[in-house]
Each structure stands twice: as structure tokens, then as C-alpha cells.
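Asker: show me how the following folds:
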Amino acid sequence: MISAILYTFRRCPYAMRARISLHLSQLNPLVREIELKHKPAEMLAISAKGTVPVLVTTDNQVISESIDIMRFALTEHPAPETNYLTPAEYQSLQYWLDKPATESLINANDNEFKPWLDKYKYADRYPEYSQLWYRQQAENFIQRLETCLNQHRFLCTDTVTLADFAIFPFIRQFANVEPIWFNNNQSPKVRVWLTTLMNSPLFNVTMHKYPLWLPQRNGIQLKHSTNDDGQLIPLCNN
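Answerer: Residues are numbered from 1 along each chain as shown. Modelled structure (predicted):
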């Protein structure tokens, strides 16, 4: 059977999103781990923008936006018996997929917070203002998340939703710019929420380190176990 293919880069938060959703789905694509400075011609041929993630489905549909991959995986190939969520939690995840609160938070993350995050991380490239000033702009979104988390355990409700999975990889980046400051700031609920998600078995498997696809072009599936000889064994098919 033809496998789906996922082009990914381990540390990219957009690619993290895609891998999280795929681990919560029945899909088990072949992973093509890339280096951003050595992008495969095969990837550029199907997605000229040259960013990850890119998912090629079994019917050759190309999905090159991380949120679209998440929705495709969770709506077209749901796996309610996943090891990472209880059936009730998975049902809640499905319920909140297209709710306005979910859309609003993700849009704010992608279109408002992310540009400030980039300037905060790479302040030397944007000398118009100080790193502190860029951080303060990004903090507006952090405070919005803190307000949400003062009302319930996760961003939209008391169980994890698409908003949590889509946003926390970027808050992880924010926290890592100045970790000492972040761990002593005025957003305790955000810190607990981030720690909970980062310490989860789902994130642990999401951050598995795959070998680079180039130059050998070996096929390794996203979900696998290891046999007694150390060989990777696929857990499921597409």
C-alpha cells in the first residue's frame, strides 16, 4: 500500500503541530526529515514555498499548511482509541475543532504573536526597537492565554483542544528565549500549562529524532516500535 509522506523539520513549531495531529490520527506517513538549508528537490517540486510541514496523502493531495494538516488528520482519519487521550478527551478534541474560540486563538497566535516572537528571538536583526520592547508586544498574547487558563485547565475548556496543540510549540519557543525571565514572570498558569504539554507522552513521541532523509532517501514511518535487533517496526499502515 502506498504511504503518505511527511516532509518535516524536528525543531520547527509548525512541523511539531503536524506531527502531533498525525500521532492522534490513524495515519502513519513516511517521514522525510530535512535540513532547511538543503531542501529536497522533491519537496520543492510539490510545494514551491519551501517550508515545512508538507504532507502528501495517499491520493497525491499536497497539504502544505500546518493547520490544514492538523484538521485533515483529525477529521478525515481520527483515532479515538489513541494512547495519548482518553475517549472523552478525544471527543472533546473533536468537538472543539471548528469552534470560534479555537479559530480566534490560533489566528491570534499565527498572525499577531508569531511576528513579535520572531522579532523577540532575533532582535539583533530588527534594531528599530529593543528586545525588551519586542518581548512586551509578544506578552500581550501571553496575557490572553493566562486569562483563558484562569477560567479552565486548557485554553478552551478543561481538556486539551486543537488550540492547545497548535499554540504551545510557539510558547515553548518564547519561553526558551529568556528562560530565567520566563520562569519568574507574571503568567503562572501559562507556565504550568506549557510544562504539562511539554512533559506529555504525546510530545515526547512527537519529538523523536529521525535521521535525515537525504542523502540515503530511506523510508521511515512516523509511528514505529523497535524490535530486539534495534530495527524500526511500523505500528500501523495508512
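Asker: now do the same end-to-end measure for stretch 97-117.
Answerer: 25 Å (Cα to Cα, to the nearest Å).
Asker: got the buried residues for that stretch?
Answerer: Going by neighbour count (16 or more other Cβ atoms under 10 Å), the buried part of stretch 97-117 is 97, 102, 105-106, 108-110, 113-114, 116-117. C-beta here means a position set from N, CA and C on the backbone, and glycine is covered the same way.
Asker: list of residues touching that stretch?
Answerer: Residues from elsewhere that reach stretch 97-117, judged by Cβ atoms under 8 Å, 6 or more residues apart in numbering: 67, 71, 74-75, 96, 134, 137-138, 140-141, 144-145, 148, 155-156, 161-163, 166-167, 170, 173-174.
Asker: now do stretch 135-155
Answerer: Here stretch 135-155 has contacts from 101, 105, 108-109, 112-113, 116-117, 119-120, 156, 158-161, 163-164, 167, 171, 174, 177-178, 185, 187-190, 192-193, using Cβ under 8 Å, 6+ apart.
Asker: which residues in this protein form strands?
Answerer: 5-8, 30-33, 54-56, 62-63, 220-221, 224-226, 232-234 (DSSP state E).
Asker: go ahead and confirm residue 202 touches residue 20.
Answerer: Yes: counting by Cβ atoms under 8 Å, residue 20 is a contact partner of residue 202 at 6.4 Å.
Asker: give me the number of residues near residue 122?
Answerer: By the criterion of other Cβ atoms under 10 Å, residue 122 has 12 neighbours.
Asker: re the thing from before, neighbour count winner among residue 202 and residue 20?
Answerer: Comparing residue 202 with residue 20 by neighbour count (other Cβ under 10 Å), the higher total belongs to residue 20, at 29 against 18.
Asker: quick one, what contacts the more buried one?
Answerer: Applying Cβ under 8 Å, 6+ apart to residue 20 gives the contacts 70, 165, 202-203, 206.
Asker: returning to that earlier point: figure out which of the strands of the chain is closest to residue 86.
Answerer: Nearest to residue 86, of all those, is strand 224-226, at 22.2 Å by Cβ to Cβ.
Asker: quick one: mean pLDDT for that closest one?
Answerer: Across strand 224-226, pLDDT averages out at 59.
Asker: ok, stretch 71-82 next?
Answerer: Computed over stretch 71-82, the average pLDDT equals 96.
Asker: mind listing residues that contact that stretch?
Answerer: Contacts for stretch 71-82 (Cβ under 8 Å, 6+ apart): 18, 21-27, 55, 57, 63, 87, 90-91, 93-94, 97, 162.
Asker: try it again at 6 Å.
Answerer: 21-22, 24-27, 63, 87, 90 (Cβ atoms under 6 Å, 6 or more residues apart in numbering).
Asker: what do you get for stretch 197-213?
Answerer: Residues contacting stretch 197-213 (Cβ under 6 Å, 6+ apart): 19-20, 23, 31-33, 84, 168, 220.
Asker: per-residue pLDDT, residue 139?
Answerer: Model confidence at residue 139 (pLDDT) stands at 98.
Asker: report how many residues lie close to residue 118.
Answerer: 15.
Asker: how close does it sit to residue 213?
Answerer: 26 Å (Cβ to Cβ, to the nearest Å).
Asker: and the contacts of stretch 97-117, which of them are buried?
Answerer: So, by 16+ other Cβ under 10 Å, the buried ones in those are 67, 71, 74, 96, 134, 137-138, 141, 144-145, 148, 155-156, 161-163, 166-167, 170, 173-174.
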